[in-house]
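In: this one's structure only:
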């Protein structure tokens with residue numbers, strides 16, 4: 001699988017990476033044996049970056065990874081986790097919790113170090129704390145050898161721009177913002193390139209919006225967004241292609257994004273994604289789908305504190 005350098009780090013990530021949120025049963029009940037196998041399938045099929053968080057399954061994702069990773073050569077993958085969000089309404093970005101969180105993640109996953117640690121969903125808290133307290137505390141963990149690179153992850157573009165302007169970070173992880181429907185993450189490319197900050201993209205399917213599967217109850221898509229997305233999915237189906245295939249291929253195509261993170265606890269699904277990633281994109285179909293989706297191009301929602309978001313469109 002194609003690899004790309006992540007900013008100014010020494011990491012070359014595969015275009016497609018394994019997201020371990022599904023191991024925490026975030027989206028459905030999972031079969032533990034299948035969940036564990038999915039990690040092996042991802043690595044065996046060439047994915048070399050694993051993304052997780054103590055928030056996923058409230059520790060379950062990291063614990064399950066700890067059952068698998070010790071049996072896989074550490075040189076065959078990079079590992080990233082997050083800190084700061086531990087439950088839907090539980091956030092703690094204090095300097096004290098930074099070291100505690102990292103130590104717990106290392107213990108759960110049975111690791112000696114982490115390649116990347118990100119502040120998780122920081123749009124829910126006062127942004128100045130992240131810049132003045134959390135990130136400096138994280139940098140001290142780099143000095144101790146527990147972490148190699150640090151950054152932030154979240155949803156609003158405004159949040160990323162604030163951190164990039166006011167802090168020293170190595171990497172960002174953006175989700176739902178470089179897909180068939182929303183390419184707002186392109187705004188971050190020149191800023192990150194100027195600072196040598198690596199960009200990782202996640203969620204090419206936009207929480208199932210760009211699939212033929214029913215949307216989860218918590219999805220914030222409006223009636224219009226749902227209808228337009230369904231029209232795009234139906235158009236793809238009529239040509240014999242799953243819109244999910246087109247969505248994944250689109251989200252990994254831009255080399256400005258070092259990798260695209262997506263995950264499943266279904267080994268067969270992961271193998272299918274790898275197959276899609278190796279096939280050429282249908283440019284004609286892509287143009288047709290982008291035209292169908294144009295009425296909802298760059299629609300987004302508010303996540304976290306209103307002041308950490310741009311005005312909703």
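Out: Received the coordinates, thanks. Fair warning: this is a prediction, and the values are worked out from it, not measured in the lab.
In: any idea how far the longest helix seen in the chain is from the middle of the chain?
Out: The longest helix of the chain (DSSP state H) is helix 223-239. Helix 223-239 has its C-alpha centroid displaced from the chain centroid by 24 Å (Cα atoms, centre = their mean, to the nearest Å).
In: go through it and flag the buried ones.
Out: Using 16 or more other Cβ atoms under 10 Å as the test for burial, helix 223-239 gives 225, 228, 229, 232, 233, 235, 236. C-beta coordinates here come from the backbone N, C-alpha and C atoms, glycine included.
In: right, and the fourth one touches residue 292 too?
Out: Yes - applying Cβ atoms under 8 Å as the test, residue 232 and residue 292 come out as touching, 4.5 Å apart.
In: just to revisit the earlier point, now the buried residues of helix 223-239 as JSON lines including distance to residue 169?
Out: Listed next are the buried residues of helix 223-239 as JSON lines, based on distance: Cβ to Cβ, whole Å:
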{"residue": "225", "distance to residue 169": "31"}
{"residue": "228", "distance to residue 169": "35"}
{"residue": "229", "distance to residue 169": "33"}
{"residue": "232", "distance to residue 169": "35"}
{"residue": "233", "distance to residue 169": "36"}
{"residue": "235", "distance to residue 169": "40"}
{"residue": "236", "distance to residue 169": "37"}
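In: so what's the most centrally placed residue in the chain scoring on pLDDT?
Out: Nearest to the geometric centre of the chain sits residue 202, at 3.4 Å (Cα atoms, centre = their mean). Looking at residue 202, its pLDDT is 97.
In: before we move on, what about residue 33?
Out: Model confidence at residue 33 (pLDDT) stands at 91.
In: and for it, the neighbour number?
Out: 9 (other Cβ atoms under 10 Å).
In: can you check residue 10 too?
Out: So residue 10, with other Cβ under 10 Å, has 9 neighbours.
In: also residue 101?
Out: 24.
In: next one: phi and psi at it?
Out: phi -60, psi -40 (degrees, to the nearest 10).
In: okay, now the closest residue to it other than its chain neighbours: neighbour count?
Out: Distances taken as Cβ to Cβ, 6 or more residues apart in numbering put residue 83 closest to residue 101, at 3.9 Å, once the chain neighbours are dropped. For residue 83, the number of neighbouring residues by other Cβ under 10 Å comes to 27.
In: got it, and residue 49?
Out: Neighbours around residue 49, by other Cβ under 10 Å: 25.
In: that one bridge partners, please.
Out: On the basis of DSSP bridges, residue 49 is bridged to residue 78.
In: circling back to that earlier point, I'd like the next helix or strand past the longest helix of the chain.
Out: helix 243-253 (DSSP states H and E).
In: now do the buried residues in that following helix.
Out: 243, 244, 245, 246, 247, 248, 249, 250, 251, 252.
In: on that earlier part again, let me have the buried residues of helix 223-239 in TSV, extended by pLDDT and distance to residue 307.
Out: Formatted as TSV, these follow (pLDDT from 0 to 100; distance: Cβ to Cβ, whole Å):
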residue	pLDDT	distance to residue 307
225	96	24
228	97	29
229	97	29
232	98	33
233	97	35
235	97	39
236	97	38
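In: so which of the residues you listed comes closest to residue 129?
Out: residue 225 (32.7 Å; Cβ to Cβ).
In: what sits closest to that closest one if chain neighbours are left out?
Out: The spatially closest residue to residue 225, leaving aside those adjacent along the chain, is residue 296, at 5.0 Å (Cβ to Cβ, 6+ apart).
In: of the buried residues of helix 243-253, closest to residue 8?
Out: residue 252 (21.6 Å).
In: dump the residue contacts of that closest one.
Out: Contact analysis of residue 252 by Cβ atoms under 8 Å, 6 or more residues apart in numbering lists 15, 16, 204, 259, 260, 277.
In: 7 Å - rerun?
Out: Neighbour list for residue 252: 15, 16, 260, 277 [criterion: Cβ atoms under 7 Å, 6 or more residues apart in numbering].
In: among these, name the ones in helices.
Out: Those of the contacts of residue 252 lying in helices (DSSP H): residue 277.
In: take the contacts of residue 252 and keep only those in strands.
Out: 16, 260 (DSSP state E).
In: so what does the longest helix of the chain touch, helix or strand wise?
Out: The contact analysis (3 or more Cβ pairs under 7 Å, 6 or more residues apart in numbering; DSSP states H and E) places helix 223-239 against helix 243-253, helix 283-293.
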